[in-house]
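Participant: Could you look at this predicted model? Sequence included:
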Amino acid sequence: MMGKFTIVYQRSHDIDWFARVGHIYIHAMSFGGLLPASVNTWITNLNMLRMAYRMQITDVNVVFSDYVEGVLRENNEELGHQQDRERYLTHFRDMARRGFWSFDRDPHNEDVYHLIARPSEGILNNRYIHGMPELTDGRLEPNPSERDMRDVRDVRLVINR
Amino acid sequence: MAAGYKRDDRIEKEMSKSNNSFQAKPYLDTQVDKYADYVYATFEYDRINGRMKSFGDYYYPAMVSICTDINNQFQAEGYSDSPIADEYGKTLLLKAMEDDFNQGNSIRDANTFKKVSLCGHPLGQCAEQHAANDLLQINGAENITIKSEIFFSKAVRPVNRKVFGPCDNCKKLFDM
């Protein structure tokens, strides 16, 4: 099972993958999409997953993106109850509380991810994760500078194939 | 895959093949929400407690589903996973896949499951297909007609309980 994730495996699973873009630590859910080549390594990704789950879920404030607020409005009927909304956001919120910028795949385009949640401070200064792979085949749009990181409400993560 | 089980008495008999309106659908939809929550909670528990394998795997299945037969006698849960010909070969489902997607020719390996697919998902990976395969392995359910006598709950993504419609493969295989 080591080496790369097979295509068939990627298509049938919702893989938590991790990467670094500049100062930003990213967590993303693949939802059956193909992983970026630079993070498609079983052992590295599993190590990052283990590390993420060893990190404490802090009580920092979390900012939810405009994108997910829009999705929630669209699904109002489906997610009319606070409990359903909580269930929809829990996984991404918990990852943001661990210090990650948490993204979900666009359901119609596997090369685009949308920010769902991030720590309100932008970066948690005590989070330095050894061995986090750099995302060399993807970019943030727009790419937030350290200065304006706290104001960001919407970022797309675009994968170059 | 999750094992199948005998029917719940709350489901009435006699349905027609309309996968959006069959009688047991509200009940199955409630059950699949619970199943999605169970899958999510199990993964979270295992991950937080350092046990990294759930459902035979490390990562969430993309989708889960539940199916039942036309007489509501049997139910089976399923989750998306890699297709394995030997698993589908235990029931009539592999033969149905070969007839519907490969002009009756054999489907044995992952490449063929990908090649014959009508959409971006390889044939045989969907939660619905795994659930149906488990249903057909229940004692007494072996001869259920695949196209006309198997009905499905909504398909749910365990990570956020979002609902998605069936793919082109499932639509053709189960006449949905």
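Facilitator: All right, it came through fine.

Participant: by contact count, what packs against the lengthiest helix in chain A?
Facilitator: When chain A is parsed with DSSP state H, its longest helix is helix A:82-97. In this structure, helix A:82-97 makes packing contacts with strand A:24-29, strand A:62-64, helix A:66-74, strand A:101-106, strand A:109-119, judged by 3 or more CB pairs under 8 Å, 6 or more residues apart in numbering or on different chains; DSSP states H and E. Where you see a C-beta, it was placed from the backbone N, CA and C, and this is true even at glycine.

Participant: With mean neighbour count, distance to chain B and mean pLDDT added, can I get those in JSON lines?
Facilitator: Shown next, in JSON lines, are the helices and strands packed on helix A:82-97 (neighbours: other CB atoms under 10 Å in any protein chain shown; distance: least, CB to the nearest CB, whole Å; pLDDT from 0 to 100):
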{"stretch": "strand A:24-29", "mean neighbour count": "25", "distance to chain B": "6", "mean pLDDT": "95"}
{"stretch": "strand A:62-64", "mean neighbour count": "18", "distance to chain B": "13", "mean pLDDT": "94"}
{"stretch": "helix A:66-74", "mean neighbour count": "14", "distance to chain B": "9", "mean pLDDT": "85"}
{"stretch": "strand A:101-106", "mean neighbour count": "25", "distance to chain B": "8", "mean pLDDT": "97"}
{"stretch": "strand A:109-119", "mean neighbour count": "22", "distance to chain B": "8", "mean pLDDT": "96"}
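
Participant: Between those, which one is closest to residue A:132.
Facilitator: Of all those, it is strand A:24-29 that lies closest to residue A:132, at 6.3 Å by CB to CB.

Participant: Please see if the helix or strand that that closest one is followed by touches chain B.
Facilitator: Per DSSP states H and E, the first helix or strand lying C-terminal to strand A:24-29 is helix A:42-54. Yes - residues of helix A:42-54 are located near chain B by CB under 8 Å from any CB of the partner chain, namely A:46, A:49, A:50, A:53, A:54.

Participant: Mind giving me the PyMOL command for buried ones among those residues?
Facilitator: This is the PyMOL syntax for the buried subset of the residues of helix A:42-54 next to chain B, where burial follows 16 or more other CB atoms under 10 Å in any protein chain shown:
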select buried, chain A and resi 46+49+53
